[in-house]
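Chemist: one predicted model, sequence on top.
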Amino acid sequence: MSKATYLQRGESLDYLNSTSEAIAAGTVIPLVSRIGVAGTTIEPGELGSVHVIGVFEIPKNDTTEILMGTPVYYDETGIIATETADTIPAGYAAATAAAADAAIPVKLLG
């Protein structure tokens, strides 16, 4: 039988900033098959916290209404309701956002 060692709760994860610029707190970070949100400013070459559980208001780049509970996706311009090759699953709409809304509350994939 394998033995597991507890590391952390998992609401946020350690993230290494491998870029040459600081990642500001609140920045959406694509993580292959989901997104996270920087919990603090993460300096280049440093570890910082990235939230992977919770509800965050994220810019919406979709000109249609998105109903609460709709699966949503992230591309570099914001949240959209249509999955395409360039999108990453983000979670689901935590509230309905009107077509004209500039942001939407998103329950991150857990």
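Modeler: Right, received. Where do you want to start?
Chemist: list the buried ones in stretch 33-42?
Modeler: 34, 35, 36, 37, 38, 39, 42 (16 or more other CB atoms under 10 Å). C-beta coordinates here come from the backbone N, C-alpha and C atoms, glycine included.
Chemist: can you name the element that comes right after the worst-scoring helix or strand of the chain on mean pLDDT?
Modeler: The helix or strand of the chain with the poorest confidence is strand 78-80; it has a mean of 92 (mean pLDDT, DSSP states H and E). Note on strand 78-80: by DSSP states H and E, the next helix or strand toward the C-terminus is strand 88-93.
Chemist: gap between stretch 103-110 and the chain center?
Modeler: Relative to the chain's own centre, stretch 103-110 is displaced by 7 Å; criterion: CA atoms, centre = their mean, to the nearest Å.
Chemist: which other residues reach it?
Modeler: Outside stretch 103-110, the residues that touch it by CB atoms under 8 Å, 6 or more residues apart in numbering are 34-37, 51-60, 66, 72, 79, 89-95, 97.
Chemist: picking that back up, what helices and strands are in contact with the least confident helix or strand of the chain?
Modeler: Where contact means 3 or more CB pairs under 8 Å, 6 or more residues apart in numbering; DSSP states H and E, strand 78-80 is packed against strand 55-59, strand 71-75.
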